[in-house]
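>>> dropping the sequence and predicted coords here.
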Amino acid sequence: MITKTVEEIKTLLSVIPDPEIPVITIRDLGVLREVRIVGDTVEVDITPTYSGCPAMKAISQDIVKVLNEAGIERVNVKEIYQPVWTTDWLSDEAREKLRLYGIAPPEKTSSDKNAILGKVKHLACPHCGSIDTELVSQFGSTACKALYRCLSCLEPFDHFKCI
């Protein structure tokens, strides 16, 4: 029998870091979508930041591990693809954590086609704040980020793309 509430379970899961960006949690990122208790099983819905995201397996394993350690033996993690993940789901706290980590957070919403295409003008460098930046590659350290370079401090940085 599960003795924890859905909110208590969400609190347990809210500390799981994103495997690719360890300064933000799966809850900050908006990947953690829903938690349900169905009989003696906890069902957890997660949404990948993009189709084929390699971090989803690690996230699923972390969810099971955290809940098992909390005494919850039966866990079912489901990847949910609708609605499609969007950077609109990033919390304000996550955006600031990204910036402090050296990744330019998305400044626009997913409805901004220029942001989606990586054509953000005057993207602020997370290192020095300059808006004199340029796109180097549509893909940065992961497919959900683009690689930029600051023309003022000359530092490269990732930009979390609006999706």
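Nice, I can see it.

>>> every contact and neighbour count from this point should use C-alpha atoms.
Will do.

>>> do a quick rundown of the strands in this protein.
Assigned by DSSP state E, the chain shows strands spanning 32-38, 41-46, 74-79, 103-104, 133-137, 145-150, 156-160.

>>> and the angle from the third one to strand 32-38?
For strand 74-79 and strand 32-38, the angle between their directions (axes from the mean of the first three to the mean of the last three CA atoms, to 10 degrees) works out to 140 degrees.

>>> burial measure for Leu13, as a count.
A count of neighbours around Leu13, defined by other CA atoms under 10 Å, yields 21.

>>> I should have written Ile103 there, sorry.
24.

>>> what's across from it in the sheet?
Legend: beta-bridge partners of Ile103 under DSSP bridges are Asp158.

>>> ok, now Thr41?
Applying DSSP bridges, one finds that Thr41 bridges with Val38, Arg74.

>>> roughly how far apart are it and Leu67?
For Thr41, the distance to Leu67 (CA to CA, to the nearest Å) stands at 11 Å.

>>> circling back: nearest to Val6, out of the strands of the chain?
Of all those, strand 32-38 sits nearest to Val6, with 6.3 Å by CA to CA.

>>> for the residue nearest to Gly102 when sequence neighbours are not counted, what are its contacts?
Among residues not flanking Gly102 along the chain, Pro126 sits closest, at 5.3 Å (CA to CA, 6 or more residues apart in numbering). With contact taken as CA atoms under 8 Å, 6 or more residues apart in numbering, Pro126 is in contact with Arg99, Leu100, Gly102, Ile103, Ala104, Phe157.

>>> neighbours around the second one, how many?
So that's Leu100. 14.

>>> which helix of the chain spans the most residues?
helix 55-69 (DSSP state H).

>>> show me the shaky parts of this protein.
Scanning the chain for pLDDT under 70 picks out 107-121, 162-163.

>>> pick out the most distant pair among the contacts of Pro126.
Leu100 and Phe157, at 11.7 Å, using CA to CA across the contacts of Pro126.

>>> domains for this protein, by residue range?
What automatic domain parsing lists as the domains of the chain is 6-79, 92-160.

>>> with that, I have no additional questions.
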